[in-house]
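K.L.:
sequence first, predicted coordinates after that:
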Amino acid sequence: MGVRARLAGFLGVRPLVPDAAARRSVRQAAQAEPALLDLPDDELTRRLRGDDGDRAIAVARELGRRALGERAHDNQLLAVLGLLAGRIVQLDTGEGKTLVGALAATLSAARGRHVTVLAANDYLARRDATWMRPLYDAAGVSVAWVDGDTEPDERRAAYAADVTYVAASELGFDELRDRLVRDPAERVRARREVVVVDEADSVLIDQARQPLVLAGAVDDAESDTAMARLVATMRKGEHYTVSDDGFGVAFTPAGESLVEEEFGVDLYSEADGGRTLTRANLAVHAEALLTRDVDYLVRDGAVQLVDASKGRVARLQRWPDGLQAAVEAKEGLTPSQAGEILDSVTAAELVQEFGLLCGMTGTAATAVEQFDRMYRLRVEVVAPNLPCVRVDEPLALYATRADKLRAVVARIADAHATGRPVLVGTPSVADSEELAELLAAADVDCVVLNAKNDEAEAAVIAEAGRRDAVTVSTQLAGRGVDIRLGGGSDDGDGGDRARAEVAELGGLLVIGTEPHAAARLDDQLRGRAGRQGDPGGSAFFASLDDDVIAKHARMRASADAYGAITSAGTRAQAEHAQRVAEGVALRIYTNTHEYAVVPRRQRAHVLARREELLELPEPERGVRLFHLDRAWADHLAHLAHVRDSTPLRSLSGKTPVVEFNAEAVQAFEPLLRQAEDDADAFLAAHPDLADADEADTLGLGRPSATWTYVVRDDPFASPVERFLTGITRRALGRPDPDERPAAS
């Protein structure tokens, strides 16, 4: 157990280890194993459904051995028991989490409970369901998967299987669509009994504050190209300043004057109502805080966001409409379709619907506080089957980014000269391409894997452990892959020889070029080496210019002639910056959660009323559902406005979230009654209404188009807050911009 995990214990939340009862169960399963070896397959299947406890675990292991050629080792069985006990299980990279999840799902399904296995993305959902299918078939358990290309009828069938693999985003989108059906038969989901979350820290923590949205079409968006062109001419420091943490940007008086002159308005006049200031703030956010090939790509005439934790294009992900349009205007693109939010849900809300919630990851021990606070889930750490012999070097810290990159290239070149395979993790597309150019200049050939060529991932990773391989990848920590020494398959003498050769060279060397915002992401990257007792090593590099350090640590240190900083105290400060970043992320989640409590309860009332209405006959059903859904969408829009405006009440000593909740409760009180009254009035005005189709022609139809996406929730200052704060500043004579609250 590491220092960070022990520290969590001192703070009152400590990781568990498998208890004596679990260890006794595994020993008894081992004792039962010899008697199972000669049983026919059908007898094993019968026993799986008839036995329980230790015998059932032994039967499941034997089925896996026969079907997959993989016998789960004892520590994997301990992990299975941890899942079935409703815990988050830490099992190191390469220790067989996919098989562990499948065994837990098999045992649950054999008891008649439906199991949803939440994967980090579509690729892993397809891969793991296909890979584990022989086990499920042998156990008499049906399995299916859902991805972005799955049609509604196929989704319905997939969720009807005993075990369903699906990415968290797809599950959320299906939930949102199911909430708005006008006929129960249109739903695709049904049972919510057991959920096993793979890459649990990614799904339950990193994705927890990103709302999944179902939107309905409204008038086409307009591109604010005039504001984008003006902001592009502005200079940082003269016209706007960026906050130290990099999250905020604020206009200087010179910048405000430039906007006022260009558009002929007073930014803080009541007549303008803050509209121009909001446009300007969105444009400068897009210009100063969002970087092409880092935060997003421009491909096929569209802005495609990059998932910061996985390095992949984030399919169907977008910023809130105003900021999305500002980025599109910055890039000179046609604005994408705008829409109103019909409903939203987070991954945290989704998983809490299930009777049993459990998960697994290679890096849970450093997130025990988050799992406890957010889900009341305990973390259980299962030791690897073979001791880890990977050599992890101390952080190498440099004064500047240029110094650091020179050192990174030199280290890669030295390892490559011996034939040792090297895997390099970079934070962005731009960084991966820059490093590839530097390596080429040093006569080191490499393969690049980033959001521009995700489709090549499987082929690239298959070769990453081969002798002489140098692989540069964005955010490999989030890619859910194992790297085999020697590359390819371990099968056959050729594979064994290739593995032995690479092992003699020291195994895979993992190099991190910049600290992640969470230490567990560094640990995930580090864990790509040293799998299942293999030799390996890791070397992480950082500079005082790196985002996490620059935002969350203030320090100066002397460096040697190569820019290296060797002071242990300075290194400790750099590592402390990560812990500060983790605290900021937890605060953001807590803030998001606090604002979601009352709307979630209100949504439950609306959904309960929808269930009642789904039993009434057409056309009355459609009329009443329309007015209820319309009222809920209007309520969500109102709540967004209230949330934007309540932070300024803190100036008068009031708590923003308390004020928000009070207004949310007051606004909701008449909602259900008003929806009923509106429906009654419509039905009274159309007494001869024949069917739902006729109601659609009278303006009660669904939106002309609906689509789903993930919002990058903006936890910082809102446009309204900036506008009102600006009025205050204007009245006080505009103090120095560095003293002002930053826009975001």
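P.N.:
That came in fine, so what should we check first? Numbering: from 1, shown residues only.
K.L.:
quick one: low-confidence ranges for the stretch 351-500 of the chain?
P.N.:
454-455, 475-481, 488-493 (pLDDT under 70).
K.L.:
would you list every one of the helices in it?
P.N.:
For the stretch 351-500 of the chain, helices defined by DSSP state H, counting those that start in this stretch occupy the ranges 368-375, 401-417, 429-441, 457-463, 492-504.
K.L.:
gap between the last one and the chain center?
P.N.:
From the chain centre to the centre of helix 492-504 is a distance of 36 Å (CA atoms, centre = their mean, to the nearest Å).
K.L.:
cool, the shortest one as well?
P.N.:
Counting by CA atoms, centre = their mean, helix 457-463 is centred 23 Å from the centre of its parent chain.
K.L.:
could you list the buried residues of it?
P.N.:
Residues 457, 460-461 are the ones in helix 457-463 that count as buried (16 or more other CB atoms under 10 Å). Where you see a C-beta, it was placed from the backbone N, CA and C, and this is true even at glycine.
K.L.:
with the first one instead?
P.N.:
Of the residues in helix 368-375, those buried under the neighbour-count criterion (16+ other CB under 10 Å) are 368-372, 374-375.
K.L.:
sorry, back to before: closest one of the buried residues of helix 457-463 to residue 98?
P.N.:
For the buried residues of helix 457-463, the residue nearest residue 98 by CB to CB is residue 461; the value is 14.9 Å.
K.L.:
wait, the closest one touches residue 483, no?
P.N.:
Yes. Between residue 461 and residue 483 there is a contact under CB atoms under 8 Å: 6.5 Å.
K.L.:
now do the same contact list for residue 523.
P.N.:
362-363, 366 (CB atoms under 8 Å, 6 or more residues apart in numbering).
K.L.:
ok so, going back, make TSV from the buried residues of helix 368-375 and add distance to residue 184 to it.
P.N.:
Output for the buried residues of helix 368-375, formatted as TSV (distance: CB to CB, whole Å):
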residue	distance to residue 184
368	41
369	41
370	37
371	35
372	37
374	32
375	30
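K.L.:
from those residues, which is closest to residue 658?
P.N.:
Relative to residue 658, the closest of the buried residues of helix 368-375 is residue 374; by CB to CB it sits at 21.0 Å.
K.L.:
my read: that closest one touches residue 346, true?
P.N.:
No. Applying CB under 8 Å as the test, residue 374 and residue 346 come out as separate, 10.6 Å apart.
K.L.:
which neighbours do those two have in common?
P.N.:
residue 208.
K.L.:
residue 470 pairs with what?
P.N.:
Taking DSSP bridges, one finds residue 422 as the beta-bridge partners of residue 470.
K.L.:
the longest helix in the protein is where?
P.N.:
Determined from DSSP state H, the single longest helix within the chain is helix 568-613.
K.L.:
what helices and strands are in contact with that one?
P.N.:
In terms of contacts (3 or more CB pairs under 8 Å, 6 or more residues apart in numbering; DSSP states H and E), helix 568-613 is packed against helix 347-351, helix 368-375, strand 396-398, helix 519-526, helix 547-552, helix 620-645, helix 656-668, helix 671-685.
K.L.:
would a markdown table of those with distance to residue 605 be doable?
P.N.:
As requested, these are exported to a markdown table (distance: least, CB to CB, whole Å):
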| stretch | distance to residue 605 |
| --- | --- |
| helix 347-351 | 15 |
| helix 368-375 | 24 |
| strand 396-398 | 54 |
| helix 519-526 | 38 |
| helix 547-552 | 41 |
| helix 620-645 | 10 |
| helix 656-668 | 8 |
| helix 671-685 | 7 |
